[in-house]
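Chemist: 3D model of this:
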Amino acid sequence: HDTGRDRWYVTASWQIPPTPTLPIEVALAHGVIGVDMNADHLAAWRLDTHGNPTGSPRRFSYDLTGTAGHRDAQVRHALTRLLHWAKTCGVRAIAVEDLDFAAEKTRE
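Modeler: Numbers count the residues shown, from 1 in each chain. Prediction:
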């Protein structure tokens, strides 16, 4: 409260709770899609209960040339198609490869 100006100020803050993680065995028991991000596409496989890829991969292409807005839209579109496919497969999780190139970080 600012008594000199007869005003009240409210400071609001919130936190997004951390996403709970499941043990891989639990996730695999309920269906998982494994995703590998490449230079121009996402390669996605359904995984069996042991974590092995089954069948042929699905490919979700994107083009990272052009403006930042174009690149962002391309990645969003590929991710949306991946999510729609995951929903039709009935899986409960998506596992994304994490290579952690600590020295080679880029926006994409």
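
Chemist: contacts, neighbours, all on C-alpha from now
Modeler: Will do.

Chemist: The chain: helices as residue ranges?
Modeler: For the chain, the helices defined by DSSP state H occupy 24-29, 68-89.

Chemist: To residue 44, which of those helices lies closest?
Modeler: helix 68-89 (7.9 Å; C-alpha to C-alpha).

Chemist: quick one: low-confidence ranges for the protein?
Modeler: 99-108 (pLDDT under 70).

Chemist: Kindly recompute the last result at 80.
Modeler: 1, 12, 19-22, 97-108 (pLDDT under 80).

Chemist: what's the single longest strand in it?
Modeler: The residue-count maximum for a strand in the chain (DSSP state E) belongs to strand 53-61.

Chemist: Next one: residue 27 from residue 94, what distance?
Modeler: According to C-alpha to C-alpha, to the nearest Å, residue 27 stands 9 Å off from residue 94.

Chemist: cool, and residue 9?
Modeler: Residue 9 is 43 Å from residue 94, by C-alpha to C-alpha.

Chemist: One more: residue 20?
Modeler: 14 Å.

Chemist: More neighbours: these two, which one.
Modeler: Comparing residue 20 with residue 94 by other C-alpha atoms under 10 Å, the one with more neighbours is residue 94, at 20 against 5.

Chemist: so that one bridges to which residues?
Modeler: residue 33 (DSSP bridges).

Chemist: if I read this right, it contacts residue 36, doesn't it?
Modeler: No: at 10.8 Å, residue 94 does not count as touching residue 36 under the criterion of C-alpha atoms under 8 Å.

Chemist: what residues are shared contacts of these two?
Modeler: Counting by C-alpha atoms under 8 Å, 6 or more residues apart in numbering, no residue touches both residue 94 and residue 36.
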